[in-house]
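Novice: Dropping the sequence and predicted coords here.
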Amino acid sequence: MTTAKPLALGCVADDYTGASDLANTLTKAGLRTIQTIGVPASDLSLPEVDAVVVALKSRSIPADEAVARSREADTWLRERGASHVMFKVCSTFDSTDAGNIGPVADALREAAGEAIALVTPAFPETGRSVYQGNLFVGALPLNESPLKDHPLNPMRDANLVRVLARQSRHGVGLVDIATVTKGPEAVSARLGALTAEGKGAAIADAIFDHDLETLGRAIVSKTFSVGASGLGLGLARALVADGRGTRDAAGAAIGDPVGGHAACLAGSCSQATLGQVAAAEALMPVLRLDAGRLLSEPDAVVAEALAFARERIGQGPVLIASSAEPEAVRALQSRHGSEAAGHAVEAALSAIAEGLVAAGVRRLVIAGGETSGACVDRLSLRAFLVGPEIAAGVPVLRTAGRPEPLLLALKSGNFGGPDFFARALDMMQ
Ligand SMILES: Nc1ncnc2c1ncn2[C@@H]1O[C@H](COP(=O)(O)OP(=O)(O)O)[C@@H](O)[C@H]1O
Ligand SMILES: O=C(O)[C@H](O)C(=O)COP(=O)(O)O
């Protein structure tokens, strides 16, 4: 990567949609940002930027592998001048009691020589708030939200102090909203007190953007933190206030239209995505995959899906979805196991993505974090420039380092309104 000035901020993201969500937030806040897929190879020429988000597909892999990949990315970022690295996790704290938020946060904090890591997934723009250490999705506690039915990491406890403590080697404390409202000095003092108690992490309350600005000012001079895009917003605003940003960061052109055909893939089974797929049926041909057949005869299902697409993409975009309601997901998982079912569906959707690009698709919308990771890896994409925002947390992305550019939208499962697919395709030309 060629960049003269030291990075103002480095980020390691545990999934690709979360990475683009964060890259979008940093860009809007005034940091010229690029998203890379893994640690970039030395031959990848990238523009001068203020921040880099290294996207990993590490949320649902064995913890030791997630730690190793995250440490490699962290080192790469610090070698390019980043004095603060934020570990980007899901705004719904997607993890299991085995991790990977706890193990990765422990390892990166220790590598950074930081005594304590401030941790908050609050992201008010998408309705994520933290109060007394409890994560709310809209008005619902996390464990009563649709995230309780996530196929890979159902979230059954809203108290993040407990959730993180179960997967961390160190104690976890709380920086409550009363402390946050007193300002950055009070937050710093609280972190110092928790450090003296031997805590290695502190869940921080945040309800509004100004709480995140307070947290960003409190930790911008530290070396490590853990958060979702909300904390990224706080850090970015603190850095821009210190003159570390770029005036027209959001003006980074997405470049000329790429043309070509367009298609959408959905592997997310979130309630938001299920609604978006249903809405798309009124606008474009939609093929709903039989996930059971995907596991018994994947090659046939992939071939049928590509035939469906090739017959139609010359007339307009199509949508191919494996998305299903929680009870159907559970039924498949009970027959094949959660991991096996998830990986098999991801593999099939990524094969379909490869076939779509081979058939002339140059504009691809993908719904789901793990799904996006599988597809982007199958297409061997290396980095993305950040374009305009389609919906909160979802920008248009233009490939970098690829001879023939593609436009993608990598939608976090829970993000976007019912008309997301139509909006995305309208903005991706
Ligand atoms: N019909 C289905 N049955 C079971 N698992 C599915 C089905 N469709 C998709 N999946 C799996 O569910 C998981 C969805 O995760 P992800 O793509 O990250 O979506 P989200 O962004 O909503 O979390 C993936 O592993 C995907 O392969
Ligand atoms: O919600 C967020 O913070 C991110 O966009 C994210 O990580 C979502 O993960 P998903 O698996 O795409 O839902």
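Specialist: Perfect, I can see it now. Just so it is clear, the structure is predicted and the values come from calculations on it, not from any experiment. Residues are numbered from 1 along each chain as shown. Ligands and ions are numbered 1, 2, ... in the order given.

Novice: The stretch 151-300 of the chain: strands as residue ranges?
Specialist: Residue ranges of the strands in the stretch 151-300 of the chain, as given by DSSP state E, counting those that start in this stretch, are 171-175, 199-204, 224-227, 261-266, 286-288.

Novice: anything in the fourth one near ligand 1?
Specialist: No: using Cβ under 6 Å from any ligand atom, strand 261-266 never reaches ligand 1; the gap is at least 8.2 Å. Placement of C-beta: from N, CA and C, glycine included.

Novice: Pull up the residues of the stretch 151-300 of the chain that are close to ligand 1.
Specialist: Counting by Cβ under 6 Å from any ligand atom, the stretch 151-300 of the chain sits next to ligand 1 at 151-152, 267-270, 291.

Novice: Residue 364: which element?
Specialist: In the assignment (DSSP states H and E), residue 364 maps to strand 361-367.

Novice: Show me which residues of that strand are buried.
Specialist: With burial defined by 16 or more other Cβ atoms under 10 Å, the residues of strand 361-367 counted as buried are 361-367.

Novice: show me what contacts the residue in the stretch 251-400 of the chain positioned nearest to ligand 2?
Specialist: Taking Cβ to the nearest ligand atom, ligand 2 has its nearest neighbour within the stretch 251-400 of the chain at residue 369, 2.5 Å off. Contact analysis of residue 369 by Cβ atoms under 8 Å, 6 or more residues apart in numbering lists 15-18, 59, 90, 94, 268, 410, 412-413.

Novice: rewinding a little: pull the most distant pair out of the buried residues of strand 361-367.
Specialist: 362 and 367 (18.4 Å; Cβ to Cβ).

Novice: just to revisit the earlier point, test for you: state the pLDDT assigned to the residue of the stretch 251-400 of the chain closest to ligand 2.
Specialist: With respect to pLDDT, residue 369 scores 94.

Novice: what does residue 42 give?
Specialist: 86.

Novice: low-confidence ranges in the stretch 1-150 of the chain?
Specialist: Applying pLDDT under 70 to the stretch 1-150 of the chain flags residues 1-4.

Novice: Could you rerun that using 80?
Specialist: 1-4, 46 (pLDDT under 80).

Novice: Taking it, what residue is nearest to ligand 2?
Specialist: Residue nearest to ligand 2 within the stretch 1-150 of the chain (Cβ to the nearest ligand atom): residue 18, separated by 2.7 Å.

Novice: Against residue 213, how distant is residue 372?
Specialist: 29 Å (Cβ to Cβ, to the nearest Å).

Novice: Near ligand 2, which residues of the stretch 51-200 of the chain are found?
Specialist: Near ligand 2, when you scan the stretch 51-200 of the chain using Cβ under 6 Å from any ligand atom, you find 90-92, 94, 123.

Novice: Report the buried members of those.
Specialist: By neighbour count, with 16+ other Cβ under 10 Å, these hold 90-92, 94, 123 as buried.

Novice: between those, which is nearest residue 192?
Specialist: residue 123 (26.3 Å).

Novice: list the contacts for the closest one?
Specialist: 91, 228-230, 393.

Novice: got a list of what residue 269 touches?
Specialist: Each residue near residue 269 by Cβ under 8 Å, 6+ apart is listed here: 149-151, 323-326, 329, 368, 413.

Novice: I only care about the residues you listed that end up buried; give me the PyMOL line for that.
Specialist: Selecting the buried subset of those in PyMOL, with 16+ other Cβ under 10 Å as the burial test, is done by:
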select buried, resi 149+150+151+323+324+326+329+368+413
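
Novice: okay if I get the contacts of residue 269 as CSV plus distance to residue 342?
Specialist: Output for the contacts of residue 269, formatted as CSV (distance: Cβ to Cβ, whole Å):
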residue, distance to residue 342
149, 14
150, 10
151, 6
323, 13
324, 12
325, 16
326, 14
329, 9
368, 10
413, 13
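
Novice: Write out the residues of the stretch 1-150 of the chain neighbouring ligand 1.
Specialist: So the stretch 1-150 of the chain meets ligand 1 at residue 150 (Cβ under 6 Å from any ligand atom).

Novice: Swap in 8 Å and give it another go.
Specialist: Remark: the part of the stretch 1-150 of the chain in contact with ligand 1 comprises 15, 17, 59-60, 90, 94, 150, using Cβ under 8 Å from any ligand atom.

Novice: Give the single residue among the residues you listed positioned nearest to residue 418.
Specialist: Proximity of those to residue 418 (Cβ to Cβ) peaks at residue 17, which lies at 18.4 Å.

Novice: My guess is that closest one contacts residue 411. True?
Specialist: Yes: counting by Cβ atoms under 8 Å, residue 17 does reach residue 411; the two are 6.2 Å apart.

Novice: Please say which of these two ends up with more neighbours.
Specialist: The residue with more neighbours, out of residue 17 and residue 411, is residue 411; 32 against 29, by other Cβ atoms under 10 Å.

Novice: The more buried one is in contact with residue 420, isn't it?
Specialist: Yes: between residue 411 and residue 420 a contact is recorded at 6.5 Å, counting by Cβ under 8 Å.

Novice: what's the overlap in contacts for these two?
Specialist: Taking Cβ under 8 Å, 6+ apart as the criterion, residue 411 and residue 420 both touch 367, 390-391, 394.

Novice: Going by neighbour count, which of the residues you listed comes out on top?
Specialist: residue 367 (33 neighbours).

Novice: Name whatever forms a beta bridge with it.
Specialist: residue 266, residue 411 (DSSP bridges).

Novice: now swap in residue 33 and tell me
Specialist: Applying DSSP bridges to residue 33, the residues it is bridged with are residue 51.

Novice: Do I have it right that it meets residue 47?
Specialist: No: applying Cβ under 8 Å, one finds residue 33 not in contact with residue 47, separated by 10.4 Å.

Novice: okay, those two: which has more neighbours?
Specialist: Between residue 33 and residue 47, residue 33 has the larger neighbour count (other Cβ under 10 Å), namely 32 against 13.

Novice: Residue 167 and residue 108, how far apart?
Specialist: Using Cβ to Cβ, one gets 14 Å for the distance from residue 167 to residue 108.

Novice: More neighbours: which of the two?
Specialist: Shown here are residue 167 and residue 108; by other Cβ under 10 Å, residue 108 has more neighbours (24 against 20).

Novice: which residues touch the helix or strand where that one lies?
Specialist: Per DSSP H and E: residue 108 is located in helix 101-112. Contacting residues not belonging to helix 101-112 are listed as 12, 14, 58, 63-64, 66-67, 70-71, 74-75, 85, 87, 89, 93, 95, 116-117, 119, 164, 166-170, 200-201, 223-224, 226 [Cβ under 8 Å, 6+ apart].
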